[in-house]
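Chemist: Quick one: sequence and predicted model below, then my questions.
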Amino acid sequence: TMDLMADRSKFKGQADKMKKKGKAEFAKRPAAGAGDKEKVNGKKRFKKDEEEETQAVPEHMEVDGQEDGEPKEEHHSRKIPHTHKEQEALRKERKMSSNPSFELVVGLKKAWETGRQKSCSEARRKEIVEEMLGQLEGKFREVIFLHDGARLVQFCFQHGNADQRTMIFNAILPDISELCQHTYSKFVIPKMLIYGNKEQRDTIITSFYGKVKKMMRHKTAAEVLSVAYMDYANSKQRAALMEEFYGPEFALFKSTEKRTLDEILATQSKEKQEAVLGHIKAAITPMLEKGRTSHQIVHRLILDYITHAADAQAAEMLESVREQAVEMLHTREGAKVALLSIWKGDAKARKAILKTFKPYAVKISKEEYGFAVLLGAFDSIDDTKLVRKSLVQPLLDEIDTVALDRFGQKVLMYLLHPRGTKHCSPDTITLLKQGDGNPFSKKESDVRQAELAEGVLDAIHQMVARTAGSLVKSVEPHVWLMLKEVLSLPGSHYAAAVKAVVAAVAADTELLDQKASHRILKDLCHSDAEDHLFARSLAAALAGRLLPLARANRSAFVVLGMAESCAAVADAVRAELAPATAELATVDSAGTKLLLKALSGTSEPRVPRDTPAKKPATPAKAATPKAPAAPKAATPTPVPAPAAASEEQAEEEAVHAAPPPAASAAAEAMDEEQAEEPAVAAPAAPAQTPGKAKTPGKGARTPAKAGAAATAPTTPANTKTPPLATRLRSAQKRKETS
């Protein structure tokens, strides 16, 4: 900074000297008389003396084509334009001298301006493309590096037919690597990846082989390579591009099969593994120094290095990328790197990470992969005061936009229900569980979650009360899921939120017949928050209008939800719809039929779908001993000999391990006592095939679920397996039968 200030002061001093010198020279010039003025385009200016118009070359300067001592020819400087027309002419002259294709590009731009407008018909656009390609043929290299020429080539490739695209592609194919490094021509490659066919895309990607490391060091080429890697390369091509960072031999000798870093390291010696990791680190370091951390290739390299390197080396890499983690959140690999930085960082490192996150908290919450990083911060960082200040409060300040976003809504709901499966996918929860038990998180998770959730529900309720009119008109399912969640939780502003939502729904009853909204409204009617406040408010708002709603299928389910809520609301709905029962009986819709059953009291109360239904307990019956059935002729079943032998051996061991007669009698008495106790009768199990005993394995039904044998006494409902004596007797009988 001091050097820069010194340079600026130095340049300023030189400028002041030149300014003073110019003023002094201007003061020495003789004053112009009235006769020295003339009008040019209505403006006055001073005439230039012939000596000023023509500046002679000093004697000590050499003129082209002349040697020292030869007579110097009179040299005239270029004329200074004094009018706008002269300036345009001079500018055109300069462009023509520097660009031989200037006139060609100017002529094509007029046709391009016509063809790129939406009002241009497809037939006319095809004619324009054909005319442009007729003039550009053989001159693509001269045009494609220009600012406007690159746009002309993109237009022709986008709107041309298959043959025209092939002609353009073949013309610029030898210069693809050079095009990627130029400021204007780099936009042609993504356009070809979008509108080209599969063979052309594969050709472009394979042309990058052997040049990946060089392209990643170039700022412009790295952008093109990143687009090709993320959006258009398949898994095999991605692996081939990533291999070049593992060593020079991987860039020279390409494999015909897809190879990941895990597979490569598994086949290498320990020294070779260290060499590969060294090459990866050597490739990452300059990109971090130059700030090239926004590309997915870099994120993949960093994640692979952290995963396979030793703990000390991984910690060193995490420390170097910690402050740049905010630039990696838009990719899957970058989000994992950011999470590892949080999980493996101490309190000081986490504070530095939160400092970089704070200005972009709202943007991160709306990222497809970045929102999971915020969830990981909520689960791991013990300084909840700093987390609320850096992450939670910025989200609450812009809650109107965050709550409407698909991923921002997940962040808000996670504060209320951590690890909830309604708003977080199983993959996200599995990823977050990897940070559980990290050595730098000491606070209990329940305490941390309670401190972070303080005030969040009230803020969401206030937002719902403020923007209910726009929320209920949304067709996005995640918005209605959020409404269902927050309107099922009571709070200080719960009544205001319910009142606003009910008023918006009552003002537009068509919402009751929409696919996303009618289900949520029905479930909210089952909510018992604030003594069924939502159902009571909705019934009061729709009083006198229930009959038309009961005729439609979807809105009938909402009326059904009100009838299944509390007794007061059910009585009000029944009283209004009772006179129209005969009319509703003629309506052929599932919702109306269920509503009639609920009003007549012939159906059981329904519960929300997410509430597990409880099966009514079956009254216990005394077990009645049955006479043993007559033995049936055993149907020969082909059973492998080794398996049969092993089963017979197991039964024989069980018989030999039987208790003595006294113990057996005690066991029989215990079985009889259990048989006299009330128990749930279980269905009889199918008869066993002679010579084949079932052994419970993984996923097999236990006897308590499948039912005991016909001769075995019934066991209590809470007993998973029969008593020991019963199992021994069953084994003995199977042994005798076989």
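Modeler: Cool, the structure landed.

Chemist: Which element, helix or strand, includes the residue lying closest to residue 326 once chain neighbours are set aside?
Modeler: Of all residues not flanking residue 326 in the chain, residue 356 sits nearest, at 4.6 Å (Cβ to Cβ, 6 or more residues apart in numbering). Any C-beta I mention is one placed from the backbone N, CA and C, and that applies to glycine too. Element membership for residue 356 (DSSP states H and E) is helix 347-357.

Chemist: And that helix, what does it pack against?
Modeler: Packing contacts for helix 347-357, counted by 3 or more Cβ pairs under 8 Å, 6 or more residues apart in numbering; DSSP states H and E, involve helix 332-343, helix 371-380, helix 384-387.

Chemist: would you list the ones you listed in JSON lines and tack on mean pLDDT and distance to residue 142?
Modeler: Shown next, in JSON lines, are those (pLDDT from 0 to 100; distance: least, Cβ to Cβ, whole Å):
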{"stretch": "helix 332-343", "mean pLDDT": "94", "distance to residue 142": "40"}
{"stretch": "helix 371-380", "mean pLDDT": "95", "distance to residue 142": "48"}
{"stretch": "helix 384-387", "mean pLDDT": "94", "distance to residue 142": "58"}
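
Chemist: Make JSON lines out of those helices and add distance to residue 523 and mean neighbour count.
Modeler: As requested, the helices and strands packed on helix 347-357 are exported to JSON lines (distance: least, Cβ to Cβ, whole Å; neighbours: other Cβ atoms under 10 Å):
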{"stretch": "helix 332-343", "distance to residue 523": "33", "mean neighbour count": "24"}
{"stretch": "helix 371-380", "distance to residue 523": "25", "mean neighbour count": "24"}
{"stretch": "helix 384-387", "distance to residue 523": "32", "mean neighbour count": "17"}
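
Chemist: mind listing the strands for the chain?
Modeler: Assigned by DSSP state E, the strands in the chain fall at 37-40, 43-46.

Chemist: what mean pLDDT does the first one have?
Modeler: Spelled out, it's strand 37-40. In this model, strand 37-40 carries a mean pLDDT of 44.

Chemist: buried set for the helix holding residue 356?
Modeler: Within helix 347-357, the residues that count as buried by 16 or more other Cβ atoms under 10 Å are 349-350, 352-354, 356-357.

Chemist: Please apply the same query to stretch 547-557.
Modeler: Neighbour counts over stretch 547-557 (16+ other Cβ under 10 Å) mark 549-552, 554-557 as buried.

Chemist: Quickly check these for the two that are furthest apart.
Modeler: Taking Cβ to Cβ as the measure, the buried residues of stretch 547-557 span a maximum distance of 12.4 Å, between 551 and 557.

Chemist: any weak-confidence spans in this protein?
Modeler: For the chain, the stretches with pLDDT under 70 are 1-15, 17-79, 81, 96, 98, 602-729, 731-732, 735, 738.

Chemist: Quick check: residue 238 vs residue 333, distance?
Modeler: According to Cβ to Cβ, to the nearest Å, residue 238 and residue 333 sit 12 Å apart.

Chemist: circling back: keeping just the C-alphas, turn the helix holding residue 356 into PDB.
Modeler: This file holds the C-alpha atoms of helix 347-357, laid out as PDB (Å, rounded to 0.1, in the frame of the first residue of the first chain):
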ATOM      1  CA  ALA A 347     -13.700 -22.500  17.700                       C
ATOM      2  CA  LYS A 348     -11.400 -19.900  16.200                       C
ATOM      3  CA  ALA A 349     -11.600 -21.500  12.700                       C
ATOM      4  CA  ARG A 350     -15.400 -21.700  12.900                       C
ATOM      5  CA  LYS A 351     -15.600 -18.000  13.900                       C
ATOM      6  CA  ALA A 352     -13.600 -17.100  10.800                       C
ATOM      7  CA  ILE A 353     -15.900 -19.300   8.600                       C
ATOM      8  CA  LEU A 354     -19.000 -17.600  10.000                       C
ATOM      9  CA  LYS A 355     -17.500 -14.200   9.300                       C
ATOM     10  CA  THR A 356     -17.200 -15.100   5.600                       C
ATOM     11  CA  PHE A 357     -20.800 -16.600   5.500                       C
END
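
Chemist: How about residues contacting that helix?
Modeler: The contact list for helix 347-357, computed with Cβ atoms under 8 Å, 6 or more residues apart in numbering, reads 319, 322-323, 325-326, 338, 341-342, 345, 364, 374, 377, 380-383, 386-387, 390-391, 440.

Chemist: Helices of the stretch 251-400 of the chain, start to end?
Modeler: In the stretch 251-400 of the chain, helices defined by DSSP state H, counting those that start in this stretch lie at 261-266, 270-289, 296-308, 311-321, 332-343, 347-357, 361-365, 371-380, 384-387, 393-397, 399-402, listed in chain order.

Chemist: Helix 296-308 and the fifth one, what's the angle between them?
Modeler: This means helix 332-343. Relative orientation of helix 332-343 versus helix 296-308 (axes from the mean of the first three to the mean of the last three Cα atoms, to 10 degrees): 50 degrees.

Chemist: Give me the contacts around helix 332-343.
Modeler: Residues outside helix 332-343 that contact it (Cβ under 8 Å, 6+ apart): 296, 299-300, 302-303, 306, 318, 321-322, 325-329, 349-350, 353, 367, 369-370, 372-373, 376-377, 380-381, 431, 434-435, 438, 440.

Chemist: how about 6 Å then?
Modeler: Residues from elsewhere that reach helix 332-343, judged by Cβ atoms under 6 Å, 6 or more residues apart in numbering: 299-300, 302-303, 318, 322, 325, 328-329, 369, 372-373, 376-377, 380, 435, 438.
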